[in-house]
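In: what would the 3D arrangement of this be:
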Amino acid sequence: MALNYSKWDNIVCSSDDDEDCHPNIDKKLWRRLMKEKRERKAYEEEQRKQLLEKENAADEKAIAELESKLKNGADKKETEGKIAGLKGKMKKRNRELLAIFRRKKYTPEEMCHVTDERTIVNSEKAIPKDVKNMEYEEYSEKFEKKLETYSKLRTESLSQGFLIKNPELLHEHCAGFLLLKCLDAEMKGNTATMKEIVRQYLIVRYILDLTKSMAKKDPRDVLLPFFKKLEDKEKMAGIADEVESFSKKIQERAKVKLEEARKEREEKGVKTFVGEDGKTYEYVELSKEERIGPGGLDPIEVLQSLPQSMQDAFQSKDIEALQTAIKKLPLEEAKYHMDRCTKSGLWNPAPDSEEVKEKAPALD
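Out: Residues are numbered from 1 along each chain as shown. I've put the predicted structure just below:
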């Protein structure tokens, strides 16, 4: 079924004038000329309409007077002739009024009217007054979850939305928290994570610096303009370069901190070892109560009480050497030592194993 678009024929939009605009004529000028032409024509039509309605009103009054005279005995033929003449004129005017109505063009402004006018202002989330004067420890403890969440965001839109909802993060302590988190991640060898946190740190840092440079009291005043600028590819490229540059500083600082920690361990006589994952770990000395095994014996005391051959086997983690050492012992002595080793936690024999009784213990 074909759609009838004729009901929109009398609607005029300024953009419709562009279709008739010559390429050499400025569009804004052409629109203004067409608008003035429509307004002038509309004014003339309105003046003609008012004149016709005024004449119709006068003829209606005259017809009413003639009809009154006709009732009072006036000449019927003459009076009816006059009434018919007046009605004929009114009919002609009404046809013209109808034509004016049909020719009238409407703009969007004329088709709409205001029924209720009011201004709605979105209320911003108020920043707690005590936040500005908080100490770092109190601040980081109170907003730790939000700080951790923000440090893991990876897009500008998410960061913008999160900062709008949580304006308390636009704080110097937030920048300090992120800076320490960057350093910690690099010291643990997580360079990729460190760079992502650096990016989040720089966003907060830039907003705080802009607030100071523009003499603004509230960082939220520069929040939206800042993220609007980030839509520019050149600005984004500048941020990426700054992330790389700042990450290098973090890496240098991490090296210094790791070296300081190493020297401190050496001064304290702390022994370290390299694990299978390539990371360095400290030997931590446990108290006797912490060392006690499942059977209530101290593994160090038990180890020192073993025959030298068994001690060497334990220290070298050589199962075959341990089995050989036990086979050389009398059965009862072997059982005695193996029982003490089990109670001290030096090793755990396999469940339901008879190997201890047969002088062939199993070690993990």
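In: what about Lys28, neighbour count?
Out: The tally of other residues near Lys28 (other C-beta atoms under 10 Å) stands at 10. All C-beta atoms are positioned from the backbone trio N, CA, C, and that covers glycine.
In: top helix in the protein by residue count?
Out: Ranked by number of residues, the top helix in the chain under DSSP state H is helix 27-71.
In: who does that helix touch, helix- and strand-wise?
Out: helix 76-103 (3 or more C-beta pairs under 8 Å, 6 or more residues apart in numbering; DSSP states H and E).
In: ok now the helix it packs on, how far from the chain's centre?
Out: 71 Å (C-alpha atoms, centre = their mean, to the nearest Å).
In: re earlier: tell me the angle of the longest helix of the chain relative to helix 76-103?
Out: Computed by axes from the mean of the first three to the mean of the last three C-alpha atoms, to 10 degrees, the angle separating helix 27-71 from helix 76-103 equals 160 degrees.
In: state the mean pLDDT of helix 27-71.
Out: When pLDDT is averaged along helix 27-71, the result is 88.
In: what sits against Arg48?
Out: By C-beta atoms under 8 Å, 6 or more residues apart in numbering, the residues touching Arg48 are Glu96, Ile100.
In: how close does the closest residue to Lys229 other than its chain neighbours get to Glu36?
Out: Closest residue to Lys229 apart from its sequence neighbours, by C-beta to C-beta, 6 or more residues apart in numbering: Lys235 at 5.1 Å. Applying C-beta to C-beta, to the nearest Å, the value for Lys235 to Glu36 is 44 Å.
In: more neighbours: these two, which one.
Out: More neighbours surround Lys235 than the other of Lys235 and Glu36, with 13 against 10 (other C-beta under 10 Å).
In: if I look at the more buried one, what pLDDT would I see?
Out: 84.
In: can you list the weak-confidence ranges in the stretch 151-300 of the chain?
Out: 269-285 (pLDDT under 70).
In: ok, which stretches of it are helices?
Out: All helices of the stretch 151-300 of the chain, identified by DSSP state H, counting those that start in this stretch, fall at 156-165, 172-187, 191-213, 220-229, 233-268, 288-291, 299-305.
In: these: which one's closest to Ser68?
Out: Of all the helices of the stretch 151-300 of the chain, helix 220-229 sits nearest to Ser68, with 75.3 Å by C-beta to C-beta.
In: helices or strands up against the closest one?
Out: Going by 3+ C-beta pairs under 8 Å, 6+ apart, helix 220-229 lies up against helix 156-165, helix 191-213.
In: got phi/psi on Ile11?
Out: phi -100, psi 130 (degrees, to the nearest 10).
In: can you count the residues close to it?
Out: 13.
In: same question for Asn133.
Out: Asn133 has 8 nearby residues by other C-beta under 10 Å.
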